[in-house]
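In: coords below, sequence missing:
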């Protein structure tokens, strides 16, 4: 590709935590290979479709200041050798706002991504829809949403990088609607711009750090690291995909077991070993399995569950998605994040690995208020409807439906230090009105040992026995 990444304008606003850069400076941050795309020519009155007095003069001043004739630049790019269609917003041009001609360029960029089977990367800095074009400008959000839906249907990934600021409809379409959402440190993010928020609004809620804590974005990335992180995501999500369907995705290989601990003698020993503090946990399995992985964070509904690790990684040169429980009671945000991951992997044709380790779903009042039942149902549905193979390894506790929701119905293995049960032995004994001395016998009656699960036909085999 021809090299074209000159910086025509760069702004810095004192007091802001993140430096504002021009559209071309943002492009130069992530690529040295960029070729602008052609876009449709539109007849445009001097003062726009609403004949807004002074609009033409404002556009002329914006062009003189930035060197651009619209608020977005679109083109073909290579990010560390990975091809993509790249969109970059010029905030210096009328606040990076969306108008009719902005919509023309965005639509052409999405169409190019579909035609060339390329992922779409958006470097966003926008204040929303353009007032001087009224409802015609606002309607561009529906246009963008339609193009985004078509790209999803085509099985192509969308990655958003949020610059300062990302607000209004641009956040609610290109930003929040992307498969992976990254943000520069400290940038302003929110549907409400700074001049239209309640006066008593917590400013932290409108910053990248607050949005990460609320599960709305996947990572905060320093500017100097952005090129490498983007290249990693483009590799993990498949980059350019073939025109014709290839062979069916190969299931994720099983992780290697840690040691050979032998099989438990009875049910209570199985439970005790699964609960042991020194047993290998999800992080150990993921680190050994993936030399390179990147995380998806949050349920996009305001929640993050640290006990659910989700993302994509490379294993033996192939991409796999993973959803891994870390031994805690899984919360609604965890199930929703895992369901989001599985559906994305399914759309992109990437096989899934799930690691099961939970005493069960969280059952406190907060979990119920947060929609625990619906979240578990959604996780069951995501696994059940996946067209890509889902491979499951139970590495610790398999606590009832809270564990089963993320378990493959036909590709499940267990480790020698695990168990899986309809209910834990302690509450089972309590329900049966048995004394505490009967818990051990109850555990064995539940047939929850790894070897029991194989004999019952629930698991395919035991690793590390």
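Out: Done, it's in. Just so it is clear, the structure is predicted and the values come from calculations on it, not from any experiment.

In: pretty sure residue 41 sits in a strand.
Out: No - assigned with DSSP: H, G, I helix; E, B strand; the rest coil, residue 41 falls outside any strand and is coil.

In: next up, the contacts around the residue lying closest to residue 385 once chain neighbours are set aside.
Out: In this structure, residue 385 finds its nearest non-sequential neighbour in residue 346, 7.6 Å apart by C-beta to C-beta, 6 or more residues apart in numbering. Placement of C-beta: from N, CA and C, glycine included. By C-beta atoms under 8 Å, 6 or more residues apart in numbering, residue 346 lies in contact with 352, 382, 385-388.

In: sort out for me which of these are in strands.
Out: residue 352 (DSSP state E).

In: just the buried residues of the contacts of residue 346.
Out: The neighbour count (16 or more other C-beta atoms under 10 Å) marks 352, 382, 386, 388 as buried among the contacts of residue 346.

In: what is the nearest of those residues to residue 56?
Out: residue 382 (50.4 Å; C-beta to C-beta).

In: thought the closest one was touching residue 339?
Out: Yes - under the criterion of C-beta atoms under 8 Å, residue 382 makes contact with residue 339 at 4.0 Å.

In: thinking again about what came up before, got JSON lines for the contacts of residue 346, with distance to residue 405 and pLDDT too?
Out: Output for the contacts of residue 346, formatted as JSON lines (distance: C-beta to C-beta, whole Å; pLDDT from 0 to 100):
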{"residue": "352", "distance to residue 405": "13", "pLDDT": "98"}
{"residue": "382", "distance to residue 405": "9", "pLDDT": "98"}
{"residue": "385", "distance to residue 405": "13", "pLDDT": "98"}
{"residue": "386", "distance to residue 405": "13", "pLDDT": "97"}
{"residue": "387", "distance to residue 405": "18", "pLDDT": "96"}
{"residue": "388", "distance to residue 405": "17", "pLDDT": "97"}
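
In: relative to the whole chain's centre, how far out is stretch 367-383?
Out: On the basis of C-alpha atoms, centre = their mean, to the nearest Å, stretch 367-383 is displaced by 18 Å from the centre of the chain it belongs to.

In: in that stretch, what counts as buried?
Out: Buried residues in stretch 367-383 (16+ other C-beta under 10 Å): 367, 370-372, 375-376, 378-380, 382-383.

In: what does stretch 415-430 give?
Out: For stretch 415-430, by 16+ other C-beta under 10 Å, it's 415-421, 423-425, 428-430.

In: equivalent analysis for stretch 453-462, please.
Out: Those would be 453-454, 458-460, 462, for stretch 453-462 by 16+ other C-beta under 10 Å.

In: how about the residues you listed in CSV, adding secondary structure?
Out: Converted to CSV, the buried residues of stretch 453-462 look like this (three-state DSSP):
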residue, secondary structure
453, helix
454, helix
458, coil
459, coil
460, coil
462, strand
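
In: residue 209 - how many residues pack around it?
Out: Using other C-beta atoms under 10 Å, residue 209 has 17 neighbouring residues.

In: wait, doesn't it sit right on residue 187?
Out: No - under the criterion of C-beta under 8 Å, residue 209 is not in contact with residue 187, lying 9.5 Å apart.

In: would you map the helices across the stretch 151-300 of the chain?
Out: Per DSSP state H, counting those that start in this stretch, the stretch 151-300 of the chain carries helices over the ranges 168-170, 208-213, 226-236, 267-275, 282-289.

In: which one of those lies nearest to residue 297?
Out: Checked against C-beta to C-beta, the stretch from these lying closest is helix 208-213, at 6.8 Å.

In: tell me the mean pLDDT over that closest one?
Out: For helix 208-213, the mean per-residue pLDDT is 97.

In: hang on, the earlier thing: any chance of the buried residues of stretch 453-462 in a markdown table, plus distance to residue 108?
Out: Putting these into a markdown table (distance: C-beta to C-beta, whole Å) gives the following:
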| residue | distance to residue 108 |
| --- | --- |
| 453 | 54 |
| 454 | 56 |
| 458 | 52 |
| 459 | 51 |
| 460 | 49 |
| 462 | 55 |
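
In: so which of those residues is the closest to residue 24?
Out: residue 460 (54.2 Å).

In: how about the contacts made by the closest one?
Out: So residue 460 contacts 411-413, 454 (C-beta under 8 Å, 6+ apart).

In: relative to residue 24, how far out is residue 37?
Out: 15 Å (C-beta to C-beta, to the nearest Å).

In: ignore what I typed, I meant residue 52.
Out: Separation of residue 52 from residue 24 (C-beta to C-beta): 28 Å.

In: between these two, who's got more neighbours?
Out: residue 24 (22 against 16).

In: would you map the helices across the stretch 301-450 of the chain?
Out: 332-348, 365-369, 372-385, 400-404, 425-431, 439-445, 450-455.

In: now the ones you listed as a markdown table including distance to residue 292?
Out: Formatted as a markdown table, these follow (distance: least, C-beta to C-beta, whole Å):
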| stretch | distance to residue 292 |
| --- | --- |
| helix 332-348 | 16 |
| helix 365-369 | 33 |
| helix 372-385 | 25 |
| helix 400-404 | 28 |
| helix 425-431 | 40 |
| helix 439-445 | 40 |
| helix 450-455 | 31 |
